[in-house]
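Trainee: sequence and predicted model, in that order:
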Amino acid sequence: MIINHPILGPRDAQEFVYLGDASLIHRPDGLTASIEAFHDYTYLRANPAGLHRELWYHEQGDRSWLVVTRNTVTHEITSVELARDVARSEGRSK
Amino acid sequence: MRDVNLKPITALGLDLPQVVTLGRWTLTERTDVALASLAVRRGRLADVQALASAAGLPLPPAAMSEQGAVYAAFWVTPEMWFVEAPFASHEDIRRHLLAAFGEAASITEQTDAWVRFDLVGPGLAQVLERLSNFDLAAAPSGTATRTVLEHLGCYLIKRSETLVSLYGPRSSAQSLHHAWVVAAQSVL
Amino acid sequence: MTQSNRIAGGQIDRSQTFRFHFDGLPYLGHPGDTLASALLANGVRLMGRSFKYHRPRGPISAGSEEPNALVELRSGARQEPNTRATVAELFDGLTAQSQNRWPSLKFDALSINDRLNSFFTAGFYYKTFMWPASFWEKVYEPIIRRAAGLGSLTKLEDPDEYDKGFLHCDILIIGAGPAGLSAALTAGRSGARVILADEDFRMGGRLNAETFALGDQSGADWALAALAELASLPNVRLLNRTTVVGAFDHGIYGAVERVSDHLPVPLAGKPRQTFWRIYSKRAILAGGAIERPIAFENNDRPGIMLAGSLRAYANRWGVAVGDRTAVFTNNDDGLRTAVDLQAKGVDVVAVIDSRENSELLPGIRHLRGAEVTNSAGRLGLSQITVRMADGRTETLKVNALGVSGGWNPNVNITSHHRSRPVWREDIAAFVPGSGEIANLLVAGAAAGSLSTHGALVTGDEMARKALEGLGISAISAKLPKAEDAPVRIKAFWHVEGASRAWIDQQNDVTVKDIKLAHQENFTSVEHLKRYTTLGMATDQGKTGNVLGLAVMAELTGKSIPDTGTTVYRPPYTPVALGALAGRGRGHEFKPFRLTPSHKWAEEQGAVFVEVGYWLRTQWVAKAGETEWRQSVDREVLATRKSVGICDVTTLGKIDIQGTDAGAFLDKVYANTFSTLAVGKCRYGLMLREDGIVFDDGTTARMGPNEYVMTTTTANAVTVFRHLEYCRQVLWPDMDVQIISTTEAWAQFSVAGPNARNLLAKVVDQDISDAAFPYMGAGNITVGGLRARLFRISFSGELAFEIAVPTRYGDAMIRKLMEAGAEFDAVVYGTEALGVMRVEKGHVAGNELNGTSTALNMGLGKMVSRKKDSIGMLLSQRDGMTQADGLRLVGVKPANPAEALKAGSHFLKTGAAATAQNDEGWLTSLVYSPHLGHHIALGYLKNGASRIGEKMRAVNLLAGTDTEVEIVSPHFIDPEGERLRA
C-alpha cells in the first residue's frame, strides 16, 4: 500500500507501523474517568467493512503519527492527516 | 584534568576513515562532520528562525537539506533538523548551538549516533534501487529523507546528481557498508 | 545427434552452436533456442510424464503457460525441478532431466496408473483413503507422499545470490508484444517514465512468432526497430526476462527478473534473479492471449500441441515439430498454422475444421465440419482419427497436430484483486471485468483486441489514457499498417468420445472427471476446481481452465457467463523462494549492531550472544576455562569482590527535553519524575494502557528541562514509538522534544566495591560519595573529553555507568581495564549480568513478560494514584489487584546441592501435579557463585506472605520434582548497603 503523507507525499506502507482505531485519540482522564469508561476506551472497537480512521506511525520516515482514513474492503485511502492536528482539532491539548 | 588521552576509532572500527572504490562509485566514511539535532520548543519557531539566521544556520523546508557557510542542515520532522558542522571546529557542536539558541530549541548531540558514508559517482540510483525504495533519480538535488536500507533506518541526502550522503546507525556501519558493496558489485 | 527437425528461418543464431544434454544424451542447439525448441529441433517430442497417470507428454505450448514439458534443469546444487522447457533459455552445456518417471522416461513403471485410470478419477483421494481412519497416518499418507509431486529437490543449499530492489515509473507496461510496444512508444516519446517488462528473453511477443507484415517490415523487424528506439530514450527502461507476477495495492507490482538463468552460472557478484517491487502511477497490461485446446480422446500425446505454438516453433525457432502435420481448429487463427507451415515446406496433411461454413483454404485439404476423434502412437503421435462432416471416419498418418480452440485474453493479473472476467460471446472468451485494479489499463489481445492492428491501436489508446491521467501531453507514433482479421470462431470445446479427453494436462483432469464432478454435484466453479484439481499446480490452469468450465456449462445446461470462472492469484508464474528472500539469508538474514567495545571484546576471545540485531558479550573465557559456567562464576565473583565492567550501550537512551518534559514523564511513567532533582536519577516503571508493565529503566534529570531516559534493550524502539504517540496524539500541546541517543554514547557499567576507586583514576571530577551520591547523575569529563556519569546499579554493588562519545568507546574500555588492573578488574558479559540481577532480585525480560503488573512484581506502590498516567487506572481493575494474586518471590532448593530446572511450576507439597494445583512458576534461574547454589525468581500466588514456605518445583517436561524454599527475591544485600557505599 501507499500512504500519501501530508508532508512527504506518497510513501510505501512498509515504512509505517500500524496502531489501530483513531478513536484512541479520545483518551479519558485517568483521575476522573470511571474504570468502565476507561475499559471501553481501551478495548472496544468498531470493526467496519468500509471507511475506517486509523493511526499509523511513520517510523522509517519523519516519525509523524498520522490519521489515515482507509476503506477496509478496497484499501482505498481517502484522507491522510497529521495526528497531532487531528488531536488538537478534537480537543486534545496537554 | 586526568592524563587520559582517549583515541577515537571510526565506526568501521579502524583508525582512519575507509574509502572504497567500486567501478565508477566511491564510498567514503566521513568522520570530519559533527552532528546535532535541533528541535523547536513549543511556540518558539519564529525565535528559532531569527536565531538561526543570525548564526548563519539554514533551516531548509520539509524533506530538504541546505548548506550554509559553516553549518548545513537537513529536515527531519516538523520543526526539527539535523545540523552538520566541521568536526575540527565543532567537535562539541551542542555547546555551539546552545550558545546560539538557548532555551528556544532542544539540542541533542548526535555525532556519534551515526556513521556517515558519502557515495560519489554517476548513476548512484542504480545501486540504491537495490537497497532502498527511495526514488533517488526523481528527487531534486538537496532532497533529504529517511529511508530503510538493509533493514536499517537511515537518512539519505542527495547533495547533487553525483553525491549522496548516507547516515546510518553507527553500530551497524559494517552491515551497511557490506550491503552497499554487494549492491554495487551486483550492478557493475 | 542431428537437428533433424530444424527448418529454415527463425530468430536463432545459427553461427553459434550450443551443446546440451537431456536425460544424459547429447544434443545441439543455437542461441535463441529454448530447451523445448532445441529438443523439438532434434526430433525429441517426449519430455515428461504426467502427474497422475504417468502418461508420456511433450510440450503443448511455446511459452510460460506450459503444463507438460516440466524438467529438472541443471544438476547438483543448482538443480531446479518443474522448470518449463518452453521458457528455459538454451545455453552451452545445459543439462536437464525428465521427471516423474522411473526407471526411464520411455519405460515408466508407474504408467500402470494409466491402466488403472478408473480408480484415479476426480475425488479419488477423498473417496479411497477415508477408511479405516487409523490407516491414514501410517499407510495412506506415506504412499501418497512417495507417489506425489513432479520434480525432486536437490536438498543442497542454493549456491546463488538473489537481489531485491525497487523501481519507480509513471507507466508500467506489462508485455512487449505489439500492444505493449505501441503503448511504450507513445508513452516513451511523450516523456513519461516508462518500464516495459516482458517475461521472454526476446521482446516482441507474437510478432516474433507470426509472418505478418507491419507496414513494409516483418513483425519481428518492426519490433526490433521499436525496441531500438525505446532503448535510446533515457526515460524508458526495458526489462526483458522479467515476469510481472502480481498486482498489489496502490500501483505496486512484483516482478522477477531472471538475470543469470540464461548462463551456466551467474557471473561473479551477480544475482541469479532479482525481485523488483515496482511503484507505478499507471500500468498497462498488454499480456496478450493464450490459446486453448479442444479436448478429444487421447489428445495428450507428444506431438499434439496448440496450433499457435506449432506455428511459433516454425516461424521463430525454425523447427518443424513433425514432417506430416495436421491442424484441428474451430477458428480462423488455426488456419494460419496450416498456411505458414505449408509455406515453410512442411507437409500439411489436412486441416480439420469443426466449422461447416468457414472460408475454404486454397491448396490444403480443408475438412470442414470435421472433428478429430482419437489419436494413436506409443510415445508420440503417429496417427489421428477424423470423423468427417458426413460421419465417415478416416485415419491420417501425422506426427504433429496443431489444435486451436480459440484464444483466451490473458486476464490473469486483472483478477488479482478479485475482479471477475466477463464473457464476450463474439470472441468466445473471457475479457477483463469491471472493478478492475485502480489505474490498471488493458490493451491488445489481453483486452480482447485480437488482431495486430487492434493491438497497436489499443496500445496507443491506453498509453494516451494513462498520459492524460498523469497530465502529460501525448505524442503518438504513426502506427504501421497491420493485419486486422476479424475473429471468426464457433465455440467448440470437446469431441464426444468413450475414453479420456484431457482438459488440464498438468493435473490429468479429463472430460470424464468434469462429468463425475457434475454427477456428484460439485458444479460451482470453485468446487469443480477443488474436487478435480483443475487449474492447480505450476501452470494454474492457463490452458485448461476455460475449457473445463465450458464443459461444466454444457453439462449443467447453463451459459458460460452463468457458470462463471475462478479468478487468478499471484504469482503469475512460479517464483523461487530465493528471489523473495533476496540477500536476507544465512548470516545476512539481518544486519548486526556492534557495541563500542566489540573490537576489544573480539580480541579477548569473547563469546557473543545475539540480542535483536545487537551482538553482546555473553562471557569472556580465560585460559583454562572450559565450561561457560567457570567464566561466568569468575566474572560474578570478581565483580562482587572488587570490580567488573560491562558494556551497557545497548540499553535504549532517549533524550527528552522541553519545558513540559517532567510533566510528560509523569504521564508515561507510573511513578513521578517532575519532582526529581537536577543531577539525580530514578528507576521508572512504564505501563501499558491496560495496566500491564511495558518497560522499566532509569531516567536522569540532566537539567531543568532535560532528562535522559533509559529503556530495556529489547524495548528501545517500541518505547520511543510510544513516547511519540503520547506527545503527538494524546498530549499534542506539551512542550516536549525527544530523540534517541542510544548509539551516541558508549556506556559502561563499572560495578563492585572498587568501582569508585577505579573511576577516580579516569574522570576529572570528584566522585566521592558526598560529591556523587547514590542515584546521582551528571556531565563530567574524562581527560577533558565530555562524558556522563550515573550512579546506578543493576548488580546490587556500588556501581556507576559512565558514557563517552561512541567513537571513544574502544579507547575507554581499554583505559578502564588498564586503570582497573591494580584491582583485578574483569569484564563481565550478559550471563554474569543476569546472575547478579537475580541475586539482587531485579526484574528483567523473563518477569516483564507482557502479562505482569507492577503488583505482581512487588512494585505496586510505585504506581502513583495522585496523577493520571498511562495504565494507572486500569492497573486498579478487579482481577489485577487481588491480594492472593501472583507476586515475585525468590526461590532456592531446600537442599542446596540440588539443581533447579527452568520453567518449573510451584506446587504445594503433596499436591498432584495438575493444572488445578498450579500455584505459579519459576521465571529466572541462575547458579549463584556467591551463595554456592541455584537461585531463582518466580511468580507465586500470594507469594509475599509465603516467605519461608517449602514447596515443590515441578517440571513435567524435564521430569524433575524438587523441594524448594520460598525466600525474599533479594538474595544479597537486602538493605542495599553496598549500593550506597
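Mentor: Right, received. Where do you want to start? What you are looking at is a predicted structure, and each value in this text was computed from that prediction instead of being measured.
Trainee: residue nearest the centroid of the chain?
Mentor: All of this is about chain A. In chain A, the residue lying closest to the centroid (CA atoms, centre = their mean) is residue A:55, at 2.1 Å.
Trainee: my bad, chain B
Mentor: Residue closest to the mean C-alpha point of chain B, counted by CA atoms, centre = their mean, is residue B:167 at 4.7 Å.
Trainee: tell me the contacts of the residue of chain C positioned farthest from its centre?
Mentor: Distance from the C-alpha centroid of chain C peaks at residue C:770, with 59.5 Å (CA atoms, centre = their mean). For residue C:770, no contacting residues are found, by CB atoms under 8 Å, 6 or more residues apart in numbering or on different chains. (Each C-beta comes from the backbone N, C-alpha and C, glycine too.)
Trainee: how near is it to chain A?
Mentor: Residue C:770 sits 39 Å away from chain A, going by CB to the nearest CB, to the nearest Å.
Trainee: phi, psi for that residue please.
Mentor: Phi and psi for residue C:770, reported as degrees, to the nearest 10, are phi -70, psi -40.
Trainee: now swap in residue B:163 and tell me
Mentor: Dihedral angles (degrees, to the nearest 10) for residue B:163: phi -140, psi 120.
Trainee: for it, which non-adjacent residue is spatially closest?
Mentor: Leaving aside its chain neighbours, residue B:163 sits nearest to residue B:120 (5.4 Å; criterion: CB to CB, 6 or more residues apart in numbering or on different chains).
Trainee: again with residue C:151
Mentor: residue C:81 (2.3 Å).
Trainee: following the helix or strand where the one you found lies, which helix or strand comes up?
Mentor: Following DSSP states H and E, one finds residue C:81 within strand C:80-84. Tracing the chain C-terminally past strand C:80-84 and defining elements by DSSP H and E, one meets strand C:95-98 next.
Trainee: which parts of the helix or strand that that following strand is followed by are buried?
Mentor: Where DSSP H and E defines the elements, the next helix or strand beyond strand C:95-98 is helix C:112-115. By neighbour count on 16 or more other CB atoms under 10 Å in any protein chain shown, the buried set for helix C:112-115 is C:113-114.
Trainee: who's in contact with the residue in chain A that chain B sits nearest to?
Mentor: Relative to chain B, the nearest point of chain A is residue A:62 (4.2 Å; CB to the nearest CB). The neighbours of residue A:62, taking CB under 8 Å, 6+ apart as the test, are A:5, A:7-8, B:62, B:76-78, B:146.
Trainee: filter those residues down to the ones in strands?
Mentor: Counting by DSSP state E, the contacts of residue A:62 place A:5, B:76-77, B:146 in strands.
Trainee: residues near the residue in chain B that chain A sits nearest to, how many?
Mentor: Nearest residue of chain B to chain A, counting by CB to the nearest CB: residue B:77, 4.2 Å away. Using other CB atoms under 10 Å in any protein chain shown, residue B:77 is surrounded by 21 other residues.
Trainee: skipping its backbone neighbours, what lies nearest it in space?
Mentor: residue A:62 (4.2 Å).
Trainee: would you point out the most distant pair within the ones in strands among the contacts of residue A:62?
Mentor: A:5 and B:76 (14.1 Å; CB to CB).
Trainee: correct me, but residue C:114 touches residue C:53?
Mentor: Yes: here residue C:114 reaches residue C:53: they are 4.2 Å apart, a contact under CB atoms under 8 Å.
Trainee: quick one, what contacts the residue in the stretch 201-350 of chain C that chain B sits nearest to?
Mentor: Going by CB to the nearest CB, chain B is nearest to residue C:269 of the stretch 201-350 of chain C, at 3.7 Å. Shown in contact with residue C:269 (CB under 8 Å, 6+ apart): B:182, B:185-186, B:188.
Trainee: just the buried ones from those residues?
Mentor: Among the contacts of residue C:269, those buried by neighbour count (16+ other CB under 10 Å) are B:182, B:185-186.
Trainee: so which of those comes closest to residue C:457?
Mentor: The nearest member of the buried ones among the contacts of residue C:269 to residue C:457, counting by CB to CB, is residue B:186 at 39.8 Å.
Trainee: so the closest one is in which element?
Mentor: When elements are assigned from DSSP H and E, residue B:186 belongs to helix B:173-187.
Trainee: quick one: that helix near chain A?
Mentor: No: using CB under 8 Å from any CB of the partner chain, helix B:173-187 never reaches chain A; the gap is at least 14.5 Å.
Trainee: pLDDT (mean, whole number) over that helix?
Mentor: Averaging pLDDT along helix B:173-187 yields 96.
Trainee: residue A:83 reaches residue A:68, doesn't it?
Mentor: No: using CB under 8 Å, residue A:83 makes no contact with residue A:68, being 9.4 Å away.
Trainee: and chain B, which residues reach chain A?
Mentor: With CB under 8 Å from any CB as the criterion, chain B meets chain A at residues B:62-63, B:76-78, B:133, B:145-148, B:153.
Trainee: which two of those residues have the greatest separation?
Mentor: Maximum pairwise distance among the residues of chain B next to chain A (CB to CB): 22.2 Å, between B:78 and B:133.
Trainee: higher neighbour count, the two?
Mentor: Taking neighbours as other CB under 10 Å, residue B:78 and residue B:133 compare with residue B:133 leading, 21 against 16.
Trainee: so who does residue C:88 touch?
Mentor: C:34-36, C:71, C:73, C:94, C:96, C:261.
Trainee: packing partners of the helix or strand where residue C:338 lies?
Mentor: Residue C:338 is part of helix C:332-343, with elements assigned from DSSP H and E. In terms of contacts (3 or more CB pairs under 8 Å, 6 or more residues apart in numbering or on different chains; DSSP states H and E), helix C:332-343 is packed against helix C:307-317, strand C:324-329, strand C:347-353, strand C:400-404.
Trainee: residue ranges of each domain in chain C, please.
Mentor: If you go by automatic domain parsing, the domain ranges for chain C are C:1-155, C:162-289+C:410-470, C:293-405, C:604-650+C:742-841, C:651-741+C:851-880, C:882-981.
Trainee: all set now, cheers.
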